[in-house]
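Peer 1: Next one to model:
(chains A and B)
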Amino acid sequence: AQSVTQLGSHVSVSEGALVLLRCNYSSSVPPYLFWYVQYPNQGLQLLLKYTSAATLVKGINGFEAEFKKSETSFHLTKPSAHMSDAAEYFCAVRVGQFYFGTGTSLTVIP
Amino acid sequence: GAVVSQHPSWVICKSGTSVKIECRSLDFQATTMFWYRQFPKQSLMLMATSNEGSKATYEQGVEKDKFLINHASLTLSTLTVTSAHPEDSSFYICSAAGTQAGVTEAFFGQGTRLTVV
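Peer 2: The predicted structure follows:
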């Protein structure tokens, strides 16, 4: 069975600080992994994806994520938070259909 | 990336009426489309998966007679909420997956905010 766990439904960081959003997955087959961002009343925008190529994946807006098979993790990071990063973030695994985590709301404190 | 257009972005309707939401893939052929429902501050809940030319596959607990899904072409899928009630008020999101080379993820529409009064 496939599932995605996002630790921390709410994360607050100061502007300029490191952003770390955690995601662990379980999958019976090698997965495709994704991070999406959602702004209020909007659809989901793809930040980055892992499709079995490089384990360190760089995405848009300075975000990156590292696939660690041994830890079944795909944590999202950004070295320096910006006010515009405040949004809801979803980790997802795709095995046929998409399985989404419950989301992490990121707040950036000025 | 590929573009998926969802329309309308918001709609208000009276209880008992039906509402149709369209999802179009603008620059690729979407063999599979997914329809999600999202409650406030929650994740996306998959409602159904539709393949072009076939009947949609509904998730457990989703009423197929209430949420009619049509995927008649490779670029268009529609979700019709029939006899809408206030409890159907929600944010509905579609996503489309294609078979063209390099398309390994689904692309999401902008979402539709449905309010039933």
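Peer 1: C-alpha only now, for contacts and for neighbours.
Peer 2: Will do.
Peer 1: For residue 96, report the pLDDT, please.
Peer 2: All of this refers to chain A. pLDDT recorded at A:Gly96 is 74.
Peer 1: My question was about chain B, not that one.
Peer 2: B:Ala96 is given a pLDDT of 88.
Peer 1: Once you drop chain neighbours, what's closest to A:Gly62?
Peer 2: Leaving aside its sequence neighbours, A:Gly62 sits nearest to A:Lys78 (CA to CA, 6 or more residues apart in numbering or on different chains; 6.1 Å).
Peer 1: Any idea how many residues pack against that neighbour?
Peer 2: Applying other CA atoms under 10 Å in any protein chain shown, we find 20 residues neighbouring A:Lys78.
Peer 1: That one reaches A:Leu21, doesn't it?
Peer 2: No - if you go by CA atoms under 8 Å, A:Lys78 and A:Leu21 don't touch, sitting 9.1 Å apart.
Peer 1: who touches residue 19 in this structure?
Peer 2: You didn't say which chain, so I picked chain A. By CA atoms under 8 Å, 6 or more residues apart in numbering or on different chains, the contact list for A:Val19 reads A:Val13, A:Leu76, A:Thr77, A:Lys78, A:Pro79, A:Ser80, A:Ala81.
Peer 1: that's the wrong chain, I wanted chain B
Peer 2: Counted by CA under 8 Å, 6+ apart, B:Val19 has contacts B:Cys13, B:Thr80, B:Val81, B:Thr82, B:Ala84.
Peer 1: Next: A:Leu76.
Peer 2: Per CA under 8 Å, 6+ apart, neighbours of A:Leu76: A:Val19, A:Leu20, A:Leu21, A:Arg22, A:Cys23, A:Trp35, A:Phe63, A:Glu64, A:Ala65, A:Glu66.
Peer 1: Tell me how far the residue of chain B found nearest chain A lies from A:Ser28.
Peer 2: Going by CA to the nearest CA, chain A is nearest to B:Gln110 of chain B, at 3.9 Å. As defined by CA to CA, to the nearest Å, B:Gln110 lies at a distance of 31 Å from A:Ser28.
Peer 1: Can you give me the neighbour number for A:Gly96?
Peer 2: Residues near A:Gly96, counting by other CA under 10 Å: 8.
Peer 1: Give me the nearest residue to A:Ser14, chain neighbours excluded.
Peer 2: A:Ile109 (4.5 Å).
Peer 1: Give me the pLDDT for the one you found.
Peer 2: Value for A:Ile109, per-residue pLDDT: 96.
Peer 1: Could you count how many residues lie near it?
Peer 2: Quick note: A:Ile109 (other CA under 10 Å) scores 14 neighbours.
Peer 1: can you check B:Asp88 too?
Peer 2: For B:Asp88, the neighbour count with other CA under 10 Å is 18.
Peer 1: In contact with it, which residues are there?
Peer 2: With CA under 8 Å, 6+ apart, B:Asp88 has these contacts: B:Leu114, B:Thr115, B:Val116.
Peer 1: Thought B:Thr17 was touching the second one, still the case?
Peer 2: No - taking contacts as CA under 8 Å, B:Thr115 lies outside contact range of B:Thr17: 11.7 Å.
Peer 1: Good, we can wrap up now.
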